[in-house]
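Q: What shape does this take:
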Amino acid sequence: MSKLQRFLGLGFLALALAGGLWAQEAGHSSAGSSAAAADTNAAAAAAVQTGDARPGDAPDFIEYLVDVLLEISGVQNAGNSWQHYTIAALFIVVFFFLRQVVTRVVFGFFSKLTARTKTTLDDELFVAWMKPVAAFVAVLGVVMAIKVLKLSPQADNAFQYLRVVAFAVVSLWFFLNTVSAVLDHLQAIAAQKKNSVAAFMPWIKKSVIALILIFGVLMAAQALGANVKAFLAGLGIGGLAFALAAQDTLANVFGSVVVAVDQPFRVGDFVKIGSFEGVVEDIGLRSTRLRTPDRTLISIPNKTVAAEAINNFTRMPQRRVLQTIGVTYGSKADQVDGLVDDIRAMLRADPEVHPQTILVHFLNFGACSLDIQIIYFSANPDAIKTMDMRHRMNLALMRLVEARGLGFAFPTQTIEFAGEIARKMAEGRGGSEAGRQ
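A: Numbering: from 1, shown residues only. Okay, here's the model as predicted:
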């Protein structure tokens, strides 16, 4: 935990303790005059415990605070007079200026502190918190101003519903901004580190925000007296039917999660997935798209991606080159041995060849040639650079073969005639030549 976080925590704790002590002292000093309000709050608390409460029946600290302030000001709690309207207008003006103080002075002070930290998350959080906190101060001022005006029971009950909705919206706004700032910060870090999870961060952000919205709406509905348990029970049955109908879509979603966690490839990698190969252009929620060497675009469902073997060519440290050359059977043993030594020396001297594995051997006697197998690795795994290197190496091999006085073999066949058939063919050929003479 940073020093700034400890400082904020201690500050908020001190404010909470001071407010509690002040409220306790105010409660002791006004015990006799506010007995009716205390009895009302006690009855409301009992109603909340029995489950028969409405938003207007809940223990109201704001109303208690307004009553204490009215008593301190010498204004009666019953009825409305010009004093009530004056105090209500004063509350609105005071909280308007308090809103300006909070947004400019308090947030400005803490913004200077967060600017000294190494991370940028605290700066982003304060920017995200500024508007919801300002809205909370404004809503609190309006609620206290209306509480000064002693409304009728019907109007006060309707106002309690509006107040619950207003505070729920502000609280939800605060949590949404907080989560959005944190996820945006994580996405920036993932993109900076070129982590493949960065491609899934927008989807993760939308999913988390949707869950917070659903949770916030359900909490607000419960505070307004709705039967949330029955709604969730019905939603569970509908969710089961939806899951059965959309099982392929859910399988693709879980496949995308597997790809995000396992990270077998990233956008821009050249991969082979099953029988498809190409450059990864997009990793989506339902499918992964590849740009093939033919420049066509293939969309592969993520459940298939998660189940298939994936060959990532981009992550190869080196690229292997395997080729076999054949020289004619008329070559001498010393010539072949010298050619093998020349090829090894050429590969070891080339800076684009990885020096760890260089294998050159007179492998076997082929059907038409003496086969020499050459195995080496390119230092750079890039396919185009490897092809350029092989082009250069093939020309160098031709020069080495010519320098040794050898020649490349090509498929040939030698047919030998012997026996009676060969004698008759020879006699027939001799007779035909004599006839022509």
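Q: ok, residue 336 - contacts?
A: Residues in contact with residue 336 (CB atoms under 8 Å, 6 or more residues apart in numbering) are 327, 362, 370, 372, 406. Placement of C-beta: from N, CA and C, glycine included.
Q: Where does it sit: helix, strand or coil?
A: At residue 336, secondary structure determined by DSSP: H, G, I helix; E, B strand; the rest coil is helix.
Q: So which elements touch the helix or strand hosting residue 207?
A: Using DSSP states H and E, residue 207 maps to helix 201-223. Where contact means 3 or more CB pairs under 8 Å, 6 or more residues apart in numbering; DSSP states H and E, helix 201-223 is packed against helix 153-192, helix 228-245.
Q: Closest one to residue 172 out of the contacts of residue 336, please.
A: Nearest to residue 172, judged by CB to CB, of these is residue 372 at 74.4 Å.
Q: That closest one: neighbour count?
A: Counted by other CB atoms under 10 Å, the residues lying close to residue 372 total 21.
Q: need the contact list for it.
A: Residue 372 sits next to 324, 325, 326, 327, 336, 339, 340, 343, 360, 361, 362, 363 when contact means CB under 8 Å, 6+ apart.
Q: Which among those residues count as buried?
A: For these, a burial check counting by 16 or more other CB atoms under 10 Å picks out 325, 326, 327, 339, 340, 343, 360.
Q: Name the nearest of those relative to residue 223.
A: Distances from residue 223 to these, taken by CB to CB, are shortest for residue 360, at 80.3 Å.
Q: The closest one reaches residue 371, doesn't it?
A: No: counting by CB atoms under 8 Å, residue 371 is not a contact partner of residue 360; they are 11.8 Å apart.
Q: Mutual contacts of those two, please.
A: Taking CB under 8 Å, 6+ apart as the contact rule, residue 360 and residue 371 touch no residue in common.
Q: picking that back up, mind checking the helices and strands packed on helix 201-223 for the one nearest to residue 305?
A: When the helices and strands packed on helix 201-223 are compared by CB to CB, helix 153-192 sits nearest residue 305, at 19.7 Å.
Q: Tell me, how many residues neighbour residue 149?
A: Residues lying near residue 149 (other CB under 10 Å) number 15.
Q: Sorry, slip of the keys, the one I care about is residue 307.
A: Burial of residue 307 is recorded as 13 neighbouring residues (other CB under 10 Å).
Q: do the one 5 residues further on as well
A: Residue 312 has 15 neighbours, counted by other CB under 10 Å.
Q: in the sheet, who's paired with it?
A: Beta-bridge partners recorded for residue 312 (DSSP bridges): residue 271.
Q: hang on, it packs against residue 265?
A: Yes: shown here, residue 312 and residue 265 form a contact pair, counting by CB under 8 Å, at 5.2 Å.
Q: Buried residues of the helix holding residue 207, list them for me.
A: Using 16+ other CB under 10 Å as the test for burial, helix 201-223 gives 201, 203, 205, 212, 216, 220, 223.
Q: mind putting those in TSV, pLDDT and distance to residue 173 included?
A: TSV is the format used below for those (pLDDT from 0 to 100; distance: CB to CB, whole Å):
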residue	pLDDT	distance to residue 173
201	73	21
203	70	22
205	78	16
212	80	11
216	79	9
220	76	12
223	73	16
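Q: now the residues you listed in JSON lines, with distance to residue 157?
A: As requested, these are exported to JSON lines (distance: CB to CB, whole Å):
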{"residue": "201", "distance to residue 157": "45"}
{"residue": "203", "distance to residue 157": "43"}
{"residue": "205", "distance to residue 157": "39"}
{"residue": "212", "distance to residue 157": "29"}
{"residue": "216", "distance to residue 157": "23"}
{"residue": "220", "distance to residue 157": "17"}
{"residue": "223", "distance to residue 157": "14"}
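Q: if we take those, which one ends up nearest to residue 284?
A: The closest of the buried residues of helix 201-223 to residue 284 turns out to be residue 203 (CB to CB; 8.3 Å).
Q: list the contacts for the closest one?
A: Counted by CB under 8 Å, 6+ apart, residue 203 has contacts 256, 285.
Q: Contacts made by stretch 303-315 with the rest, please.
A: 248, 251-252, 254-255, 258-259, 264-265, 268-274, 277, 288, 381, 383.
Q: Select only the buried ones of these in ChimeraX?
A: Here is the ChimeraX selection string for the buried members of the contacts of stretch 303-315, based on 16+ other CB under 10 Å:
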select :251,252,255,258,259,264,265,269,270,271,273,288,381
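Q: Now, the contacts of stretch 303-315 that are in helices?
A: Counting by DSSP state H, the part of these found in helices is 248, 251, 252, 254, 255, 258, 259, 383.
Q: The last one reaches residue 319, doesn't it?
A: Yes: the pair residue 383 / residue 319 is scored as a contact, 7.1 Å apart, by CB under 8 Å.
Q: one step back: tabulate the contacts of residue 372 (a markdown table), appending pLDDT and distance to residue 104.
A: Below are those laid out as a markdown table (pLDDT from 0 to 100; distance: CB to CB, whole Å):
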| residue | pLDDT | distance to residue 104 |
| --- | --- | --- |
| 324 | 92 | 78 |
| 325 | 92 | 79 |
| 326 | 92 | 84 |
| 327 | 92 | 86 |
| 336 | 93 | 87 |
| 339 | 93 | 83 |
| 340 | 93 | 82 |
| 343 | 93 | 77 |
| 360 | 93 | 76 |
| 361 | 94 | 80 |
| 362 | 93 | 85 |
| 363 | 91 | 81 |
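Q: Strands - which of the residues you listed land there?
A: Among these, the members falling in strands (DSSP state E) are 324, 325, 326, 327, 360, 361, 362, 363.
Q: and of those, the nearest to residue 396?
A: The closest of those to residue 396 turns out to be residue 325 (CB to CB; 11.8 Å).
Q: backbone phi and psi for the nearest residue to the closest one once chain neighbours are set aside, please?
A: Distances taken as CB to CB, 6 or more residues apart in numbering place residue 372 nearest to residue 325, at 5.3 Å, with adjacent residues excluded. Backbone torsions for residue 372, taken as degrees, to the nearest 10, come to phi -120, psi 120.
Q: repeat for residue 405
A: phi 70, psi 30.
Q: same question, residue 290
A: When read as degrees, to the nearest 10, the backbone of residue 290 gives phi -120, psi 140.
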